[in-house]
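**Q** what's the 3D shape of this:
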Amino acid sequence: MVHHLLSGQNINLSFYHERERLSTFFCTLNPLERFHMERERMAGREPESALKRFSPPELQIVNDAVTLSEELVSNFYKMSASQWRRLRYDVKTLADLADDEIVEGPFAQVIRYEAKRKNTALGSGVYDFYKICLQDHAILRVMKAASDLMLLPFTLYIVTHELIHIVRFCRFLQNFDASPEEKMNEELRVHERTHEILRVVQIPGIDAVLRFYREWCRHCEPVDALR
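**A** Model (predicted):
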């Protein structure tokens, strides 16, 4: 696959015009995380890990999670390599995000850009480009609070979830311009697909991640029954 955190398509978004933004709902904070943030704010200071970034070893783990996510999602939707390459997206971490792509709370968000390659005529060659913006600080903070969460399976879930969104947008299975109610329903559907994909993946720590997200999955099997 071709979309990696440390390489990517290297599309210069300064040449593109942002059209619309979607902040994902799947990454709603758990009660422990919300309590931690509120306590820090009441104390008159920013959360200690507000802008903490992945270390180089952590970036490599996240990059491995992205590669595995691409393989799992493309296989699930039975997409050939050429079909997958037609998806226009990239995955970036905090170090490569613009100020308005950084949010407090969510673990990631998808932003849709209206993109056009340089040196093309005005109004021609325009296409949708999706940017998955991983929020290092939020991921690292919740991992500190929940000791059973491991970086590889946790980011595998997050990126798999977002890639499913993008496939569904690109296949017109879901309208990007949905109402808040429909966006929430779509989140539930995508969490179910994410569980369906990951429940058979044999990597350490995946059970803890599936339990972490269990409340979002209405029709998923209990995690303890998956093994």
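**Q** quick one, strands of the protein?
**A** Ranges of strands within the chain are 17-22, 89-92, 108-116, 126-134, based on DSSP state E.
**Q** give me the sheet partners of the second one and which way each runs.
**A** This points to strand 89-92. strand 126-134 (parallel) (DSSP bridges).
**Q** need the residues that contact the partner strand.
**A** 5, 11, 13, 16, 19, 62, 87-94, 97, 101-103, 107-116, 155, 158-159, 162-163, 166, 169-170 (Cβ atoms under 8 Å, 6 or more residues apart in numbering). In short, each C-beta sits where N, CA and C put it, glycine included.
**Q** burial measure for His191, as a count.
**A** 22 (other Cβ atoms under 10 Å).
**Q** i'd like the first residue to be 303 from this point on
**A** Understood, numbering begins at 303; the last thing we discussed is His493.
**Q** that one and Arg516, how far apart?
**A** Distance of His493 to Arg516, computed by Cβ to Cβ, to the nearest Å: 9 Å.
**Q** so where's this structure uncertain?
**A** Scanning the chain for pLDDT under 70 picks out 303-352, 420-426, 476-479, 518-529.
**Q** isn't Val368 right up against Ile460?
**A** No: taking contacts as Cβ atoms under 8 Å, Val368 lies outside contact range of Ile460: 9.9 Å.
**Q** and Leu464, how far from Lys446?
**A** One thing to correct before we go on: residue 464 is Glu, not Leu. 22 Å.
**Q** more neighbours: which of the two?
**A** Taking other Cβ under 10 Å, Glu464 and Lys446 do not tie; Glu464 has more neighbours (28 against 14).
**Q** which ones are touching that one?
**A** Thr326, Val393, Ala410, Val412, Ile434.
**Q** repeat that for Ile460.
**A** Cys329, Phe409, Ala410, Leu436, Ile441.
**Q** which members of those are the farthest-apart pair?
**A** Cys329 and Leu436 (10.3 Å; Cβ to Cβ).
**Q** ok, back up a step: using CSV, lay out the contacts of Ile460 together with neighbour count and distance to Glu373.
**A** Output for those, formatted as CSV (neighbours: other Cβ atoms under 10 Å; distance: Cβ to Cβ, whole Å):
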residue, neighbour count, distance to Glu373
Cys329, 21, 23
Phe409, 25, 21
Ala410, 22, 19
Leu436, 26, 18
Ile441, 26, 21
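**Q** give me the neighbour count for Phe431.
**A** 21.
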